[in-house]
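Participant: let me see the structure of the following:
(chains A and B)
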2 protein chains.
Amino acid sequence: MDTATDRHDLEVLSLQECLSLLGSRPLGRLAYVDRGSPSIVPVNHIVDGRTIVFRALHGAKTDALIMGRPVAFEVDDHDPARAVGWSVLVRGRAEPVDDEEARRFAAELDSWAATTAMRHVIVRIHPEEITGRRLRRS
Amino acid sequence: MDTATDRHDLEVLSLQECLSLLGSRPLGRLAYVDRGSPSIVPVNHIVDGRTIVFRALHGAKTDALIMGRPVAFEVDDHDPARAVGWSVLVRGRAEPVDDEEARRFAAELDSWAATTAMRHVIVRIHPEEITGRRLRRS
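Facilitator: Predicted coordinates:
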C-alpha cells in the first residue's frame, strides 16, 4: 500500500488511523497557554466521534486557561529499541460538556489523578486539526 | 518519610526527583505556542545539569516558534492497572546550543524522527520552573 510521507520521511497517518490510535491509549497530554507560555498536563481521555473528551481536575485555573481556549492534545507510543513509534496531535478548542453528557462520560473516564472526592470537570475538544505521523526507521 | 501533597492529594516531587525522573526516559513532549495556540511534539532529550537538551528537526518553523520563546517539556509514566504514575513538567525558554556543545550532544541524542541525512538543531531549555507530581492511589 502506498503511504504518504512528510518532508522528514515520516509516514502521514489518515484521519481514521489517527482516531483509532487516539482511542488506543487511556492517557494523553493536554497543552494549554498560560499568559503566553505553554504548559502540559497528563489527562485520561476517550474518543467520542471526532472529538476528545477528558476529565480535568476542577479549579478556577483550569476553567480560565482551558475553557473556550485553544488547546492541543497528544498521544504517542515509541519503542526506542526497535526505533518505531507514532504520534497523533489534536488541535482545537476546549468546551465543557453539558450535564447529561457529563454523567454519561463520568463512568467511562478514569482520571489519572482521581482520588476519592475530588471535583472534576469534563471537557470536550472540538478539533480544528487532527494529524499523525509514524516513524519506521529503515 | 514525610512527603508533601498538593491540593489534589498528589505527592509533590523534589527537584532532585524531578531531574532524576526526567533523565529516566529517552522521550518527552515539547509544547510551544503557534499564533496563540499550543502545539505538542515528541522529542528525544537528555538532562544536562538542570537543563533539558533535545534535538529538533531543523526548519524555519521550529526556529521561529521555539528559539528564544517560552516552551514546556513534559515526561511521564503511568500504569493504569496499578493506578500509579508520575509526571514532571519543565517550563522555560528554549535557546540553541553553540557549535561545540552541538557536537558533544549530537552523539548522545537520538532523535525520535532521525533518519538519514536530516538536518537537526540542538536546543536547550533553560528552566524557570521544574515541578513534578506522583500519584499513588489509595
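Participant: okay, CA-based contacts and neighbour counts for the rest of this
Facilitator: OK.
Participant: for the residue positioned nearest the centre of chain A, give its distance to A:L109.
Facilitator: Residue closest to the average C-alpha location in chain A (Cα atoms, centre = their mean): A:F73, at 3.4 Å. Separation of A:F73 from A:L109 (Cα to Cα, to the nearest Å) stands at 16 Å.
Participant: the spatially closest residue to A:D34 that is not a sequence neighbour: what secondary structure?
Facilitator: Leaving aside its sequence neighbours, A:D34 sits nearest to A:L65 (Cα to Cα, 6 or more residues apart in numbering or on different chains; 6.3 Å). Secondary structure state of A:L65, per DSSP: H, G, I helix; E, B strand; the rest coil, is helix.
Participant: okay, now A:L65: neighbour count?
Facilitator: As a burial measure, A:L65 scores 16 neighbours (other Cα atoms under 10 Å in any protein chain shown).
Participant: any idea how far B:S39 is from it?
Facilitator: Applying Cα to Cα to A:L65 and B:S39 gives a distance of 15 Å.
Participant: my guess is the residue nearest to the centre of chain A contacts A:L27. True?
Facilitator: No - at 10.1 Å, A:F73 does not count as touching A:L27 under the criterion of Cα atoms under 8 Å.
Participant: mind listing what the residue nearest to the centre of chain A touches?
Facilitator: Residues in contact with A:F73 (Cα atoms under 8 Å, 6 or more residues apart in numbering or on different chains) are A:G28, A:R29, A:L30, A:A31, A:L89, A:V90, A:R91, B:S39, B:I40.
Participant: following the helix or strand containing A:E95, which helix or strand comes up?
Facilitator: Element membership of A:E95 [criterion: DSSP states H and E] is strand A:84-96. Proceeding N to C from strand A:84-96, the next assigned helix or strand is helix A:99-106, under DSSP H and E.
Participant: just the buried positions in the helix or strand of chain A with the lowest mean pLDDT, please.
Facilitator: Within chain A, no helix or strand scores below helix A:60-66, which has a mean of 78 by mean pLDDT, DSSP states H and E. Counting neighbours by 16 or more other Cα atoms under 10 Å in any protein chain shown, one finds that the buried residues in helix A:60-66 are A:D63, A:L65, A:I66.
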